[in-house]
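**Student:** Quick one: sequence plus predicted model below, questions after.
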Amino acid sequence: MAPGASAIVTEDGNLWQTSGGADVVDVLFKVDPHEQIWESDETNNTAVGCYEPATETFQFGPCQ
C-alpha cells in the first residue's frame with residue numbers, strides 16, 4: 001500500500017467460531033507480524049477490537 005493508505009478487511013463469517021455461549025470476544029489484529037515490510041513506524045501494526053457474536057457487532061477497543 002502507498003504511504004498514508006488504508007484498507008478495509010472483511011470476513012465472511014467463517015474466519016473463527018465461538019463456542020460456549022461467549023457474550024463478547026476480544027480480537028487482536030496484527031499486520032506484518034514478522035516486520036518484513038520496512039516502515040518508519042512499526043508501533044501502529046496492531047489493533048484490538050471487541051466482537052459480539054450474538055449481534056455480529058464489532059467496535060475498536062477491548063471488551064468491557
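**Tutor:** Thanks, I have it.

**Student:** Not counting its neighbours along the chain, what's nearest the residue nearest the centre of the chain?
**Tutor:** When CA atoms, centre = their mean is applied to the chain, the residue found nearest the centroid is Phe29 (3.2 Å). Excluding the flanking residues, the one nearest Phe29 by CB to CB, 6 or more residues apart in numbering is Ala47, at 4.7 Å. Heads up, the C-betas are built off the backbone N, CA and C, glycines and all.

**Student:** From the rest of the structure, what touches the helix or strand hosting the one you found?
**Tutor:** Secondary structure assignment for Ala47, by DSSP states H and E: strand 46-52. Outside strand 46-52, the residues that touch it by CB atoms under 8 Å, 6 or more residues apart in numbering are 23-31, 57-64.

**Student:** Kindly recompute the last result at 6 Å.
**Tutor:** 24-25, 27-30, 58-60, 62-63 (CB atoms under 6 Å, 6 or more residues apart in numbering).

**Student:** Stretch 53-64 now?
**Tutor:** Under CB under 6 Å, 6+ apart, the answer for stretch 53-64 is 18, 24, 26, 48-51.
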